[in-house]
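> Any chance you could fold what I've pasted below:
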Amino acid sequence: MIKQFWNKILTKTKQHKVVSIVLAVIILGGGYYAYGKLNSGSAGTQYVLATVEKGTLVASVSGSGQVLVSNQVDIKPKVSGDVVYISVKEGQEVGAGTLLVQLDAQDAQKAIRDAQINLDSAKLSLDKLKQSTADPDKIHEDSFNTISNTFLDLPTVISGAETVINGSTLSSSQSNLGFYKDFVYSSDQDQATLFVSAASNDYAVARSQYDETLMLYKNTSRYASSTTTLDLLNKITDTTKSIAQALKSEQSLLDYLVDYTSKHSGKVLPTLVNTYRNNLQTYIGQVNNHLSDLINIQNTIKNTPLDINSQELSIKQRENALLDAQEKLADYYIRAPFSGVVAKINVKNGDSASSGTAIITFITRQKLAQISLNEVDIAKAKVGQKATLTFDAIPDLTITGEVAQIDAIGTVTQGVVTYNLQIAFDTQDDRVKSGMSTSAAIITDTKHDVLLVPNAAVKSQGGAYYVEVQDATTPIRQPVEIGISNDTMTEITSGLKEGNSIVARTVTSSATTQTQQNSSTFRIPGIGGGGR
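Below you'll find the predicted structure:
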């Protein structure tokens, strides 16, 4: 009876015999592990619960095919280029990794040089940035010097601005402000009042801030703390902005009066108005320069950590670019994927070799399996990936191997596209004969120590994923982000923690579903592979 049960398991799970064997052993040994349990919900509804666990998740794609009649592989370059060196002869036996053909790699070598220069430049920029910000005393000194330089000009500027507003040089009978108000005809008073009020109010604000900041500056020593100096820097920056606004408003007022005079022939402005305008232009230039210096110092203090982080990120990106360029260079050196014999060389020095075109026919003493995959799965397969092979004719045999070749062109059959790939055996077994049927599970990704949940627990809505977390009464939705998955388990990258209890499945009947659930929740602890 045990033997019949064993054979039944193997027959139904040809694609995953390794997992089936282990599972059968556990069951026959008298125990199994169920990831969930039934929990009472509302009337007529029950929830199968699962616990979020950490483990290793192995993702794979599966296909079937035959052991090749002739253990022959066409060696195809991944890139195009002119052949500059052929290191082997037809009939020569070579070992795995032996250089067969070299293509012209000047462009790839230049890409590496450029990537290296970019990386060195980024590292140099980071060093300079750290050096310029490493000395807090220098930042403090630069800040105070910038403040002092600003106060060299501000007294003259604020005095000139006051003369334009509160002076009495334009008329012997009234102040300048009164002169501006009365200069225009009564029909234009409304517009003139707007310019006069803006200039007067902006100057008052600037003057008040200037007097307060000047007092703070006089009471601040060059040897004051960094906090005190930074506070003064912020105040002088705000004050300088206010003075710049006041000068702009005064200039707008005088420009309005000059324009008004040009339109009314009966009006004549004192020549001193043009002197005021010229002075204001000079003041505005000085204030804007000081304001730029002050803001630069503020940004230096504020952005230094961000600048360093940004530069470090730039270095990481350029390191990756260099690594990519180095990997690309390796594609110009075509090497033997395994030990074998060079049966035929299809190119000679100077020929142009195209990507995906066979340049060498290679015969190996290793056995090969040719496996067919659909267009979705073939996109996940790469040369060098490990694989597990099982055989219909030899149920107790499992052989590991490695993807040696992938066809660039697929075959269309009744609208379905399939691609062939060849897997080289890691070990030889005389029982395996050419033409035998075989099934392969190709490992496409492996992640260790990740959070795992059953596939059935993960749901989606509107492009977002969620799971249902156990609550006192009704399960609640918990948004999650997922990583890779296989036939049974899904990686959770955020949204859950190890040990969380989640709903793996909802059932609406009691007795029938209870029985079905007990037979469908077997899981081997620690095994996440064997699926797609």
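
> where do the helices sit along this protein?
2-12, 17-28, 106-134, 136-166, 176-183, 189-218, 226-263, 272-330, 375-378, 511-520 (DSSP state H).

> Now tabulate the ones you listed in JSON lines and tack on distance to Lys367 and mean neighbour count.
Heads up, the C-betas are built off the backbone N, CA and C, glycines and all. Formatted as JSON lines, the helices of the chain follow (distance: least, Cβ to Cβ, whole Å; neighbours: other Cβ atoms under 10 Å):
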{"stretch": "helix 2-12", "distance to Lys367": "22", "mean neighbour count": "11"}
{"stretch": "helix 17-28", "distance to Lys367": "18", "mean neighbour count": "16"}
{"stretch": "helix 106-134", "distance to Lys367": "34", "mean neighbour count": "14"}
{"stretch": "helix 136-166", "distance to Lys367": "69", "mean neighbour count": "17"}
{"stretch": "helix 176-183", "distance to Lys367": "101", "mean neighbour count": "19"}
{"stretch": "helix 189-218", "distance to Lys367": "86", "mean neighbour count": "16"}
{"stretch": "helix 226-263", "distance to Lys367": "74", "mean neighbour count": "18"}
{"stretch": "helix 272-330", "distance to Lys367": "27", "mean neighbour count": "15"}
{"stretch": "helix 375-378", "distance to Lys367": "22", "mean neighbour count": "16"}
{"stretch": "helix 511-520", "distance to Lys367": "37", "mean neighbour count": "12"}
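
> Just tell me which of the ones you listed ends up closest to Glu90.
helix 272-330 (24.8 Å; Cβ to Cβ).

> I'd like to check the angle between that closest one and helix 176-183, please.
Angle, helix 272-330 to helix 176-183, by axes from the mean of the first three to the mean of the last three Cα atoms, to 10 degrees: 100 degrees.

> so what secondary structure elements neighbour helix 272-330?
Judged by 3 or more Cβ pairs under 8 Å, 6 or more residues apart in numbering; DSSP states H and E, helix 272-330 is in contact with helix 106-134, helix 136-166, helix 226-263.

> average model confidence for it?
Mean pLDDT, computed over helix 272-330, is 87.

> Please state the offset of that helix from the chain centre?
Relative to its chain's centre, helix 272-330 lies at 25 Å (Cα atoms, centre = their mean, to the nearest Å).

> And for stretch 76-96?
With Cα atoms, centre = their mean, you get 38 Å for stretch 76-96.

> Quick check: buried residues in it?
76-77, 79, 81, 83, 86, 88, 94 (16 or more other Cβ atoms under 10 Å).

> wait, which of the residues you listed is closest to Ser168?
Val79 (84.2 Å).

> now the most centrally placed residue in the chain: how far from Thr400?
In the chain, the residue lying closest to the centroid (Cα atoms, centre = their mean) is Gln317, at 10.0 Å. Computed as Cβ to Cβ, to the nearest Å, the Gln317 to Thr400 distance reads 37 Å.

> ditto for Ser354
Counting by Cβ to Cβ, the gap from Ser354 to Thr400 is 33 Å.

> for Ser225, same thing?
68 Å.

> before we move on, the earlier item: to Thr51, which of the helices of the chain lies closest?
helix 511-520 (15.7 Å).

> Could you pull up the residues touching Gln116?
Leu322 (Cβ atoms under 8 Å, 6 or more residues apart in numbering).

> worst-scoring helix or strand of this protein, pLDDT-wise?
Least confident helix or strand of the chain, by mean pLDDT, DSSP states H and E, is helix 17-28 with a mean of 35.

> mind showing which ranges of the stretch 1-150 of the chain have poor pLDDT?
Scanning the stretch 1-150 of the chain for pLDDT under 70 picks out 1-44, 69-70, 131-135.

> what about 50?
1-36 (pLDDT under 50).

> any idea which of the buried residues of stretch 76-96 is closest to Gln191?
Using Cβ to Cβ, the buried residues of stretch 76-96 come closest to Gln191 at Val79, 73.3 Å.

> check contacts around the residue lying closest to the closest one once chain neighbours are set aside.
Spatial nearest neighbour of Val79, chain neighbours left out: Asp331 (4.7 Å); criterion: Cβ to Cβ, 6 or more residues apart in numbering. Counting by Cβ under 8 Å, 6+ apart, Asp331 makes contact with 77-79, 108.

> do the same with Ser485
Ser485 neighbours (Cβ under 8 Å, 6+ apart): 57, 59, 455, 458, 491, 531.

> so the third one makes contact with Thr488?
Okay, so that is Asn455. Yes - contact criterion Cβ atoms under 8 Å: Asn455 and Thr488 qualify, at 6.2 Å.

> Neighbour count: those two, which is higher?
The residue with more neighbours, out of Asn455 and Thr488, is Thr488; 20 against 14, by other Cβ atoms under 10 Å.

> What's the local residue count around Asp430?
Using other Cβ under 10 Å, Asp430 is surrounded by 5 other residues.

> and it, backbone torsions?
phi -60, psi -20 (degrees, to the nearest 10).

> Just the pLDDT at it, thanks.
In this model, Asp430 carries a pLDDT of 83.

> Could you do Asp426 as well?
88.

> and the residue lying closest to it once chain neighbours are set aside, bridged to which residues?
In space, not counting the residues next to it along the chain, Asp426 is nearest to Thr400; the distance is 4.7 Å by Cβ to Cβ, 6+ apart. Counting by DSSP bridges, Thr400 forms beta bridges with Thr388.

> Could you number the chain from 6 rather than 1 from now on?
Right, with 6 as the first residue, what we last looked at is Thr405.

> Indicate which one of the helices of the chain is closest to Ser344.
Closest to Ser344 of the helices of the chain, according to Cβ to Cβ: helix 277-335, at 19.8 Å.

> who wins for proximity to Arg510 among the helices and strands packed on helix 277-335?
Of those, nearest to Arg510 by Cβ to Cβ is helix 111-139, at 50.5 Å.

> relative to helix 277-335, how tilted is that closest one?
Using the same axes, to 10 degrees: helix 111-139 against helix 277-335 is 130 degrees.

> from the contacts of Ser490, which single one is nearest Leu394?
Comparing the contacts of Ser490 against Leu394 with Cβ to Cβ places Gly536 closest, at 16.7 Å.

> For Ile414, grab the count of nearby residues.
8.

> Not counting residues beside it along the chain, what's closest to Thr56?
Spatially, and ignoring its direct neighbours in sequence, Thr56 is nearest to Ser506 (5.9 Å; Cβ to Cβ, 6+ apart).

> Tyr208 against Lys253, yeah?
No - between Tyr208 and Lys253 there is no contact under Cβ under 8 Å: 10.9 Å.

> who's in contact with Thr245?
Applying Cβ under 8 Å, 6+ apart, the residues near Thr245 are 155, 159, 292, 295-296, 299.
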